[in-house]
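**Q** please find the sequence and the predicted model below.
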Amino acid sequence: MLNKNPVEPFVVKGKGSLEDVLERMGKLSFQARQLGLSFKVWQRMLEDETFIFLGLAGAMVPAGMRKIVSFLIEKRLIDCLVSTGANLFHDLYETLGGKHYQGTPFVDDIKLKEEGVDRIYDTLAPEEGFRKADNFIAEFARTLDRNHSYTTREFIYYLGENLAKKGKGKGIITAAYEKKLPIYCPAIGDSSIGIALAADKVFLNFDVARDVYETAFLSGKAKRTGVIYIGGGTPKNFIQQTQVTLSLIGEEKGGHYYAIQIITDPPHWGGLSGCTLEEAQSWGKIAPEARKVTLYCDATVALPLLVEALALRLKEGFKRSFIPQFEMGKDIKITNI
């Protein structure tokens, strides 16, 4: 049962690059090995002719991951973002000049409420700033056509256009607008974006079925697809189901060929967030021969390491073999396939 790959003890060198560290971690065991393998799989996605989806769940923007995601968009290390509404709202809040602050989970939350401060574990933010972001969304939404049914991609793209003009710096939404990269938000109502629209009675029509169709269309056009899941939740399943949708419309592609998931949920509770990539193979969502890796780790630890190492590769002259380009109209089109 032994193979030819012994565990190689990590030797402290005091020199070298982060790429080298991840390479050597891949020769260890447990989650160190999975981190090293994650870097390898992500590199293979970029070297191959792969359409790359990123699923973003959890409070990643409040935790400081915003610039990492916008870097991935700006450098086109991903091709489509599927996000919770919360991450997009917090991104908009910061692009308007708002801040999240380091705090502690050991605090009097009733007092925080009295002072107008919201808490996300050990991170704090002023409710007043969130209300300003709500008002920005509502004011923007009032300019839209109430008779038109918008995909969430269209809505976020036009929001990015507006935010690029009025914001105070670049973020996820504005980077996606400038790069014409699609963002989908399948549970847009389950966020402060939905709250802002409801509170101002801006009752827009969201064509979520067309969101499903478009993401399946993007998957179907690509030679191969790769997925990177930061956490689980709705973004993970929404990307997973593109392959099921393709099979139902007679354009089956055999599942995503590359897959990385960075999660903390275990699989034995039966929830989607913790489900294994092997389980997804039973549904045809992940290809039987897929290059896949599950990393059980806090994404705020793993993501900076992985993306910093990818940035070093770019600095060394690495270029993707294929970068999809989009036409962002009522219907999305890939112009270079």
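**A** That came through, no problem.
**Q** Lys179 and Phe326, how far apart?
**A** Lys179 sits at a distance of 9 Å from Phe326 (criterion: CB to CB, to the nearest Å). Placement of C-beta: from N, CA and C, glycine included.
**Q** where do the helices sit along the stretch 151-300 of the chain?
**A** Counting by DSSP state H, counting those that start in this stretch, residue ranges of the helices within the stretch 151-300 of the chain are 152-166, 172-179, 192-199, 208-221, 233-248, 277-282, 299-315.
**Q** to Val107, which of those lies closest?
**A** Closest to Val107 of the helices of the stretch 151-300 of the chain, according to CB to CB: helix 299-315, at 19.9 Å.
**Q** tell me what the closest one is packed against?
**A** Where contact means 3 or more CB pairs under 8 Å, 6 or more residues apart in numbering; DSSP states H and E, helix 299-315 is packed against helix 18-25, helix 30-47, helix 66-74, strand 256-263.
**Q** so after it, what's the next helix or strand?
**A** Scanning forward in sequence from helix 299-315 by DSSP states H and E, the next helix or strand is strand 326-328.
**Q** which helices and strands does the helix or strand just after that next one pack with?
**A** Elements were assigned by DSSP H and E; along the chain past strand 326-328, the next helix or strand is strand 332-334. In terms of contacts (3+ CB pairs under 8 Å, 6+ apart), strand 332-334 is packed against helix 208-221, strand 326-328.
**Q** from what I can see Cys297 touches Leu35, true?
**A** Yes. With contacts defined as CB atoms under 8 Å, Cys297 counts as touching Leu35 at a distance of 6.8 Å.
**Q** so which of the two has more stuff around it?
**A** For Cys297 against Leu35, the residue with the higher neighbour count under other CB atoms under 10 Å is Leu35, and the figures read 23 against 18.
**Q** just the pLDDT at that one, thanks.
**A** Model confidence at Leu35, given as pLDDT, is 98.
**Q** repeat for Lys15
**A** In this prediction, Lys15 carries a pLDDT score of 89.
**Q** hang on, it is in a strand, isn't it?
**A** No. The assignment for Lys15 (DSSP: H, G, I helix; E, B strand; the rest coil) gives coil, which keeps it out of a strand.
**Q** now do it against Val21, distance only.
**A** Remark: distance between Lys15 and Val21 (CB to CB) = 11 Å.
**Q** neighbour count for these two, which is higher?
**A** In this view Lys15 and Val21 are compared by other CB under 10 Å, and Val21 has more residues nearby, 17 against 6.
**Q** list the helices and strands the strand ranked longest in the chain packs on?
**A** In the chain, taking DSSP state E as the definition, the longest strand is strand 286-296. Applying 3+ CB pairs under 8 Å, 6+ apart, one finds that strand 286-296 contacts helix 30-47, strand 256-263, helix 277-282.
**Q** the next helix or strand after the longest one: partners in the sheet, and parallel or antiparallel?
**A** In this case it means helix 30-47. Toward the C-terminus, helix 30-47 is succeeded by strand 50-56 as the next helix or strand (DSSP H and E). Strand 50-56 has its sheet partners listed here by DSSP bridges as strand 80-83 (parallel), strand 224-230 (parallel).
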